[in-house]
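Q: with the sequence up front, the predicted model follows.
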There are 2 protein chains.
Amino acid sequence: MASDALEELIESLKLLPGVGRKTAQRMAFALLEGERLAAQRLARGLQGACERITRCQRCRTYCEGELCAICRNPQRSAETLCVVESPADLHALEQATGYSGRYFVLHGRLSPLDGVGPAELGLPQLADLLAEFPVSEVVVATNPTVEGEATAHFVAEIANAGGAQVTRLAHGIPVGGELEYVDRQTLAHAFGGRLKL
Amino acid sequence: MASDALEELIESLKLLPGVGRKTAQRMAFALLEGERLAAQRLARGLQGACERITRCQRCRTYCEGELCAICRNPQRSAETLCVVESPADLHALEQATGYSGRYFVLHGRLSPLDGVGPAELGLPQLADLLAEFPVSEVVVATNPTVEGEATAHFVAEIANAGGAQVTRLAHGIPVGGELEYVDRQTLAHAFGGRLKL
């Protein structure tokens, strides 16, 4: 590549998830076309996000300032706490459900081999939070993977120690899914958890 | 979205080609995870590219400084000039072919309805260039679209006026392609331009 700055731009675009060399090249050339307002806006957006976005001191999701909008909102019930793996999961739940309680973000899942233990997930902080602000229900919304399940058990222990009822998101057939193509475990869960019509 | 800086980051990532809301969200959350070195590097890469990358004063491709590496290189033949629509096309030709001449980048194609005329494509500059540095061959490598063909004719006229021989990239069956699936026009071109074995 002729220009160092262009090469560096392509290399840095490759840091985005799902972007390889070809896509990064296409993005770089598109950003350099014309007045470059998009490139400047993206640079400012990245800079602003790096400088201003921190973690909420109570629930650990991304926010600006000490507490996030959900923790600051007096309309949100302080009776339920939903524990998620990532801010993206929080966002997905906010958009899809009418959940009106609060959250706690782990920023990962238990993975001892990668050096991710209870401390990295803020579980001591979760215990403190439940001691300071007791809730009646803790919804454990970790992902249904092996590591997510292990994390869920850990979180459930802490929640039980805090005297809260622990619930888990329901497993079952995805809406619009077909029985024939659903995997065996999911089908077993769905059958076991059948509900009265 | 809870945070303005996060929302602004997502909106600015959406300016990248082929990136919609969902992908931008995924990118933003990935950039904010951990130490944010990738986000900072990308911000610096964008800033550096915007500040340092200009157009080569001779061939109009992207470069730092007055002339690009190809125009500065005395090893590149000054006998042939290849006219392309974009720096990305130049890059593709550089990577795929052993072409050792120079380039001229139009940064677009003739499109009167969008206000892109000869002046926007630097065609007066091309005429000056050919007058100042006459070449023996001009390779017109615009895309084989209607607008690309119109542009090619325009470029050919200028090149002819400059006394150069004008050539065009060959049309034909893509390597690895199957006759059965090649479109009619391409097949007609390939048949008409058949070569002795």
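A: Everything's here; your move. As the structure is a prediction and not an experimental result, all values here were calculated from the model. Numbers count the residues shown, from 1 in each chain, chains lettered A, B, ... in the order given.

Q: what's the pLDDT at the residue nearest to the spatial centre of chain A?
A: Centroid-nearest residue in chain A, with C-alpha atoms, centre = their mean: A:Ser86, separated by 1.8 Å. pLDDT, A:Ser86: 92.

Q: quick one: it from B:Asp4, how far?
A: 20 Å (C-beta to C-beta, to the nearest Å). All C-beta atoms are positioned from the backbone trio N, CA, C, and that covers glycine.

Q: likewise A:Gln75?
A: For A:Gln75 relative to B:Asp4 (C-beta to C-beta), the value is 20 Å.

Q: my read: the residue nearest to the centre of chain A touches B:Phe29, true?
A: Yes. Here A:Ser86 reaches B:Phe29: they are 6.7 Å apart, a contact under C-beta atoms under 8 Å.

Q: ok, and what's touching stretch A:75-94?
A: A:61-62, A:70, A:99-109, A:126, A:129-130, A:133, A:135-143, A:148, A:151, A:155, A:164, B:1, B:25-26, B:29, B:32 (C-beta atoms under 8 Å, 6 or more residues apart in numbering or on different chains).

Q: cool, and stretch A:184-197?
A: Against stretch A:184-197 from outside (C-beta under 8 Å, 6+ apart): A:Ala170, A:His171, A:Gly172, A:Ile173, A:Leu179, A:Val182.

Q: give the buried residues for it.
A: A:His189, A:Ala190 (16 or more other C-beta atoms under 10 Å in any protein chain shown).

Q: now that stretch - C-alpha only, PDB.
A: C-alpha atoms of stretch A:184-197 as PDB (Å, rounded to 0.1, in the frame of the first residue of the first chain):
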ATOM      1  CA  ARG A 184     -32.800 -32.200  21.300                       C
ATOM      2  CA  GLN A 185     -31.900 -30.400  24.500                       C
ATOM      3  CA  THR A 186     -34.100 -27.400  23.800                       C
ATOM      4  CA  LEU A 187     -36.900 -29.800  22.900                       C
ATOM      5  CA  ALA A 188     -36.500 -31.700  26.100                       C
ATOM      6  CA  HIS A 189     -36.500 -28.400  28.000                       C
ATOM      7  CA  ALA A 190     -39.600 -27.200  26.200                       C
ATOM      8  CA  PHE A 191     -41.400 -30.500  26.800                       C
ATOM      9  CA  GLY A 192     -40.400 -30.600  30.500                       C
ATOM     10  CA  GLY A 193     -41.500 -27.000  31.000                       C
ATOM     11  CA  ARG A 194     -44.900 -27.300  29.200                       C
ATOM     12  CA  LEU A 195     -47.600 -24.900  30.300                       C
ATOM     13  CA  LYS A 196     -51.400 -25.200  30.700                       C
ATOM     14  CA  LEU A 197     -53.200 -23.800  27.700                       C
END
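
Q: distance between it and the chain's centre?
A: Relative to the centre of its chain, stretch A:184-197 is centred 26 Å away, using C-alpha atoms, centre = their mean, to the nearest Å.

Q: which stretches of chain A form strands?
A: Using DSSP state E, the strands of chain A run over residues A:54-55, A:62-63, A:80-84, A:102-105, A:137-140, A:165-168.

Q: domain ranges for chain A?
A: A:4-52, A:75-168 (automatic domain parsing).

Q: among the contacts of stretch A:184-197, list the two that are farthest apart in space.
A: A:Ala170 and A:Leu179 (16.8 Å; C-beta to C-beta).

Q: ok so, going back, pick the most buried one from the domains of chain A.
A: Neighbour counts averaged per stretch over the domains of chain A are highest for domain A:4-52, at a mean of 19; criterion: mean count of other C-beta atoms under 10 Å in any protein chain shown.

Q: hang on, the earlier thing: export the contacts of stretch A:184-197 as CSV, with columns for neighbour count.
A: Formatted as CSV, the contacts of stretch A:184-197 follow (neighbours: other C-beta atoms under 10 Å in any protein chain shown):
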residue, neighbour count
A:Ala170, 9
A:His171, 14
A:Gly172, 17
A:Ile173, 15
A:Leu179, 8
A:Val182, 16
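
Q: filter those residues down to the ones in helices?
A: Within the contacts of stretch A:184-197, no residue falls in helices by DSSP state H.

Q: so can I have TSV of these showing distance to chain B and pLDDT?
A: Shown next, in TSV, are the contacts of stretch A:184-197 (distance: C-beta to the nearest C-beta, whole Å; pLDDT from 0 to 100):
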residue	distance to chain B	pLDDT
A:Ala170	24	86
A:His171	24	85
A:Gly172	24	85
A:Ile173	23	85
A:Leu179	28	84
A:Val182	24	85
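
Q: what would the strands of chain A look like in a markdown table with distance to A:Gly192?
A: Below are the strands of chain A laid out as a markdown table (distance: least, C-beta to C-beta, whole Å):
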| stretch | distance to A:Gly192 |
| --- | --- |
| strand A:54-55 | 38 |
| strand A:62-63 | 37 |
| strand A:80-84 | 23 |
| strand A:102-105 | 28 |
| strand A:137-140 | 18 |
| strand A:165-168 | 13 |
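
Q: now do the contacts for A:Glu35.
A: If a contact means C-beta under 8 Å, 6+ apart, then A:Glu35 has no contacts.

Q: now swap in A:Arg168 and tell me
A: A:Val139, A:Val140, A:Ala141, A:Ala152 are the contacts of A:Arg168 under C-beta under 8 Å, 6+ apart.

Q: partner residues bridging it?
A: For A:Arg168, the beta-bridge partners are A:Val140 (DSSP bridges).

Q: mind checking how far the closest residue to A:Gln47 other than its chain neighbours is from A:Ala39?
A: Excluding its sequence neighbours, the residue lying closest to A:Gln47 (C-beta to C-beta, 6 or more residues apart in numbering or on different chains) is B:Ala43, at 4.9 Å. B:Ala43 sits 10 Å away from A:Ala39, taking C-beta to C-beta as the criterion.

Q: anything in contact with each of these two?
A: In terms of C-beta under 8 Å, 6+ apart, B:Ala43 and A:Ala39 are not both contacted by any residue.

Q: quick one: low-confidence parts of chain A?
A: Along chain A, segments meeting pLDDT under 70 span A:1-2.

Q: same thing but 90
A: Across chain A, the ranges flagged by pLDDT under 90 are A:1-4, A:33-36, A:65, A:95-98, A:144-145, A:162-163, A:169-197.
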